[in-house]
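Q: model this:
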Amino acid sequence: MASSLLSSPKPSSFSSANPTSTPRPRAQTLSPFRAAAPRFSYGLAAANPSASRRCYHRAFARPVRASMAQPRRPEYVPNRIDDPNYVRVFDTTLRDGEQSPGATMTSAEKLVVARQLARLGVDIIEAGFPASSPDDLDAVRSIAIEVGNTPVGEDGHVPVICGLSRCNKRDIDAAWEAVRHARRPRIHTFIATSEIHMQHKLRKTPEQVVAIAKEMVAYARSLGCPDVEFSPEDAGRSNREFLYHILEEVIKAGATTLNIPDTVGYTLPYEFGKLIADIKANTPGIENAIISTHCQNDLGLATANTLAGAHAGARQLEVTINGIGERAGNASLEEVVMAIKCRRELLGGLYTGINTQHITMSSKMVQEHSGLHVQPHKAIVGANAFAHESGIHQDGMLKYKGTYEIISPDDIGLTRANEFGIVLGKLSGRHAVRSKLVELGYEITDKEFEDFFKRYKEVAEKKKRVTDEDIEALLSDEIFQPKVFWSLADVQATCGTLGLSTATVKLIGPDGEEKIACAVGTGPVDAAYKAVDDIIQIPTVLREYSMTSVTEGIDAIATTRVVVTGDVSDSKHALTGRSFSRAFSGSGASLDIVVSSVRAYLSALNKMSSFVGAIKASSEVSESQRVQTTE
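A: As a prediction, this is how the structure comes out:
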């Protein structure tokens, strides 16, 4: 039934040719987009030279580039936006982004990132998939309680806190339990709608899928949740008429946002823009819901597709910091937001509520907590994004920055110039170092600063000059770390061609007790890791190991990243529902490569210990509740 229904261009069950159905108007509504579509496909500016010149001159007018005044964020109403030009930013870094291999974050790390996302100004934070594990439910609940009730910024913004669920009552119950504590809770539920998914994954007919979607959206609303988002998974490959029908039914059931995912990153920008326009034109009741986009990056088109969707009428865009996510990742928040800000006039006056000054810090934080570092040439936040090495480019930059920079580094909170003329070294005091941290955009507590200052002094004694990059590497290693179960006291290694590589490691345990172990390995790092394993006794497999130097020179700080796996499979994948073994990443920094390596390894093991501890605690609570209920 599913195959016959969806293989035809106009299935009889939902076709306007069916005498029992009411024809849906198409041509009048779609013609404006059809006229504009080629302009988007081949470059908006090319079709309107005068608009292009106006945008160009505004973008490069002194004293700023790519900056425009924008209205205030409209008041949040789940199923409507009073300003038609406002675009909601839905960040799924903590859900889809965390599904990247090795990107697992602890509950504490998720809370820290969620706070930063609120400061960034995202409208909706998809905090996780609560049904996947007790730890994820606790993390989403913590975010809902704290971040979901704390106003931030000058406008007192409080983000919506969202939890993902499949279309079943167990998942929806878990999502509601997690997000109900927020001032603005949302449940996001989904089910596949493409023929290939319904036939091979769900093994259900289209009629069954529609019935499940309607029932589960209505169930989510019945729990008291006023804001329910529905996603037809793999919408990019779904039959259009069937898509219009299921969206119409979930709107009737109470859905306030309709998310249209290009789940496998299959569509091209023109196709995806037309899909959004078609849904807007042909779905009865669409005026009572917000259309959203969720674009994967399998063909490298996630940002382009997202912008095409916004241009065609979508008013919520689902993105992640640094574009992290499953497989090739998602649409990148910083790319989408800065494209809208830079080319607002050619996108019909669209704007977001994002405070772009927090983009750089958000990117760094997600890199450190996820362990997924961006490539140097990554747009907006890559190390080379504002670097100019070509002589021609440097000449132009010296004469006028607008010649080669369409975005000012200041627009995204990136400050590289030494504004106060401070050069740090071993004689620098607390005030100078603290001023440098403020200049670089870091806000840390007094306790965190004292811990950092000790590490800074250790490095400054060995380096003539401590650079901005050194500062950031040390901050990442000292501040952006998981809860400490085991910490490094000392490590001594010997290696070379004259004998076996050996290492002696002293660790401080959770109870403050010092433990020492010695080991022999194929190299100093292997020996040190074996000594750590002898002490901690956690079965692990090292999946990835990489090291980079922070700056040039023989005295550069080394940063190490590792990914480990263990016997931890208490989580379920959001899309497949299958249990999987989590991977845990860790990072470390030091002038000594062995010390850097051990710090990174301990960081990953501490993440794993934290996760295992959370699972154990949740299991004990559940067992206690079960016993009390029985009694």
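Q: count of neighbours near residue 107?
A: 22 (other C-beta atoms under 10 Å). (Each C-beta comes from the backbone N, C-alpha and C, glycine too.)
Q: which residues does it contact?
A: Residue 107 makes contacts with 135, 138, 139, 142, 610, 614, as judged by C-beta atoms under 8 Å, 6 or more residues apart in numbering.
Q: which of these lies closest to residue 509?
A: Top of the list for closeness to residue 509, among the contacts of residue 107 and by C-beta to C-beta, is residue 610 at 14.6 Å.
Q: what sits against that closest one?
A: For residue 610, the contact set (C-beta under 8 Å, 6+ apart) comprises 106, 107, 108, 482, 483, 485.
Q: quick revisit: in strands only, show me the contacts of residue 107.
A: With strands taken from DSSP state E, there is no overlap with these.
Q: now the contacts of residue 610 as TSV including distance to residue 535, secondary structure and pLDDT?
A: Shown next, in TSV, are the contacts of residue 610 (distance: C-beta to C-beta, whole Å; DSSP: H, G, I helix; E, B strand; the rest coil; pLDDT from 0 to 100):
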residue	distance to residue 535	secondary structure	pLDDT
106	21	coil	80
107	25	helix	84
108	23	helix	82
482	18	coil	69
483	18	coil	72
485	12	coil	88
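Q: narrow those residues to just the buried residues.
A: 106, 107, 108, 482, 485 (16 or more other C-beta atoms under 10 Å).
Q: center of the protein - which residue?
A: Computing the C-alpha centroid of the chain and ranking residues by C-alpha atoms, centre = their mean puts residue 93 first, at 2.1 Å.
Q: widest-spaced pair of the contacts of residue 610?
A: That would be 107 and 485, which, of these, are the farthest apart (C-beta to C-beta) at 14.3 Å.
Q: sorry, back to before: now the buried ones among the contacts of residue 610 as JSON lines including distance to residue 594?
A: Output for the buried ones among the contacts of residue 610, formatted as JSON lines (distance: C-beta to C-beta, whole Å):
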{"residue": "106", "distance to residue 594": "26"}
{"residue": "107", "distance to residue 594": "31"}
{"residue": "108", "distance to residue 594": "28"}
{"residue": "482", "distance to residue 594": "21"}
{"residue": "485", "distance to residue 594": "21"}
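Q: and those residues, which is closest to residue 599?
A: Taking C-beta to C-beta as the measure, residue 599 sits nearest to residue 482 out of those, at 12.0 Å.
Q: is residue 588 in contact with residue 597, as I believe?
A: Yes - the pair residue 588 and residue 597 passes the contact test of C-beta atoms under 8 Å, sitting 6.8 Å apart.
Q: for the stretch 401-550 of the chain, which segments count as strands?
A: 487-494, 501-508, 514-521, 540-549 (DSSP state E, counting those that start in this stretch).
Q: downstream of the longest one, the next helix or strand is which one?
A: Remark: after strand 540-549, the chain's next helix or strand is strand 558-566, criterion DSSP states H and E.
Q: what angle sits between that next one and strand 540-549?
A: Put simply, strand 558-566 runs at 160 degrees to strand 540-549, going by axes from the mean of the first three to the mean of the last three C-alpha atoms, to 10 degrees.
Q: state the mean pLDDT of strand 558-566.
A: What strand 558-566 shows for mean pLDDT is 89.
Q: next one: stretch 184-195
A: On average, stretch 184-195 scores 98.
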